[in-house]
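K.L.:
Show me how the following folds:
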Amino acid sequence: MRNGSKVNGRLLNQDTFSIQLLDSNERLVSLARADVRDVTFVKASTMPSYRDTLTADELGDVVAYLVTLKGLRP
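P.N.:
Numbering: from 1, shown residues only. Okay, here's the model as predicted:
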């Protein structure tokens, strides 16, 4: 920001005059472009990776659990 502070969040919308995003607490933040000094987009996911943390069996257990949350289809 022009005042030296930083705002992090997930971009929802932007136009000529404003930027709207969700901050880390899922709160809507609307910023006037006139108050923004610089915008940086991060392409890396903020979701932590468990690629080298979970065993194949543990990963299977997580997937099996997630399938149970889907519900039954008629």
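
K.L.:
alpha carbons only for contacts and neighbour counts from here, please
P.N.:
Fine.

K.L.:
in this protein, which residue is closest to the centre?
P.N.:
Arg10 (5.1 Å; CA atoms, centre = their mean).

K.L.:
wait, doesn't it sit right on Ile19?
P.N.:
No - assessed by CA atoms under 8 Å, Arg10 is found out of contact with Ile19, at 10.6 Å.

K.L.:
Would you map the strands across the chain?
P.N.:
10-14, 18-22, 28-32 (DSSP state E).

K.L.:
who does the second one touch, helix- and strand-wise?
P.N.:
Applying 3 or more CA pairs under 8 Å, 6 or more residues apart in numbering; DSSP states H and E, we find strand 18-22 packed against strand 10-14, strand 28-32.

K.L.:
List the neighbouring strands of it plus their orientation.
P.N.:
strand 10-14 (antiparallel), strand 28-32 (antiparallel) (DSSP bridges).

K.L.:
For Asp52, find the nearest of those.
P.N.:
Taking CA to CA, strand 10-14 is the member of the strands paired with strand 18-22 nearest to Asp52, at 26.4 Å.

K.L.:
Who are the contact partners of Val39?
P.N.:
Under the criterion of CA atoms under 8 Å, 6 or more residues apart in numbering, Val39 has no contact partners.

K.L.:
pLDDT wise, what is it at?
P.N.:
What the model reports as pLDDT for Val39 is 90.

K.L.:
Against Thr68, how distant is it?
P.N.:
40 Å (CA to CA, to the nearest Å).

K.L.:
what does Gly4 give?
P.N.:
Applying CA to CA to Gly4 and Thr68 gives a distance of 47 Å.

K.L.:
likewise Phe41?
P.N.:
Applying CA to CA to Phe41 and Thr68 gives a distance of 35 Å.

K.L.:
For Met1, see how far away Ala44 is.
P.N.:
Ala44 is 22 Å from Met1, by CA to CA.

K.L.:
and these two? which has more neighbours close in?
P.N.:
With neighbours defined as other CA atoms under 10 Å, Ala44 and Met1 compare such that Met1 has more, 14 against 6.
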